[in-house]
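quick one, what's the 3D model for this:
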Amino acid sequence: MLTICKYTICMIMELLKHKDYLRILMALERKPLRFTEIQKTLGLNPVQVDRALTFLRKGLWIIPKTLPTEKGPIRVEYSLGKRGAAFLASFESFRAQAERHEAELGKSEVAELQGLSR
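Residues are numbered from 1 along each chain as shown. Take a look at the predicted model:
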């Protein structure tokens, strides 16, 4: 049990270290997106998107779905997984609490959290 908790905590810490990972989860919360849609929506370069999607797929934060095509390249659409949805619900609660305690935390710290949601 302790190993599982330690692994999960490490995954969450890694997720929080990378703003792009969190922004992609939030974008997928709205609707499933393909690689290029993620790139354009968030203004990220292909390397950033690829790195984030690799991490998020491995951790089961997101679920890739291969879309059928008659010809051309394979299309993959990414949607939020159960782990990603649970994390975002917790993160939203954290962000809401931070807003309520802005006086103690500081305006710039709370603004940084709010900026991730946009």
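
longest helix in this protein, please.
The helix that spans the most residues within the chain, counting by DSSP state H, is helix 82-100.

what's that helix packed up against?
helix 19-30, helix 107-116 (3 or more C-beta pairs under 8 Å, 6 or more residues apart in numbering; DSSP states H and E). For glycine as for every other residue, the C-beta is placed from the backbone atoms N, C-alpha and C.

partner strands of the helix or strand following the first one and their direction?
To tie it back to what came earlier, the one meant is helix 19-30. Downstream of helix 19-30, the first helix or strand assigned by DSSP states H and E is strand 33-34. Strand pairing for strand 33-34, determined by DSSP bridges: strand 75-80 (antiparallel).

give the rounded mean pLDDT of the partner strand.
For strand 75-80, the mean pLDDT works out to 96.

tell me which residue is most central in this structure.
Leu25 (2.5 Å; C-alpha atoms, centre = their mean).

was I right about that one contacting Trp61?
Yes - Leu25 lies in contact with Trp61 (C-beta atoms under 8 Å); the separation is 6.2 Å.

which neighbours do those two have in common?
Leu15, Leu80, Gly84, Phe87 (C-beta atoms under 8 Å, 6 or more residues apart in numbering).

pull the number of nearby residues for the third one.
The one in question is Gly84. 24 (other C-beta atoms under 10 Å).

show me where pLDDT drops low in this structure?
1-7, 116-118 (pLDDT under 70).

80 instead, please
Across the chain, residues meeting the criterion (pLDDT under 80) sit at 1-8, 112-118.

and the furthest pair within the shared contacts of Leu25 and Trp61?
For these, the farthest-apart pair by C-beta to C-beta is Leu15 and Leu80; their separation is 13.2 Å.

compare the two (neighbour count), which wins?
Neighbour totals were compared for Leu15 and Leu80, and Leu80 leads with 23 against 19 (other C-beta under 10 Å).
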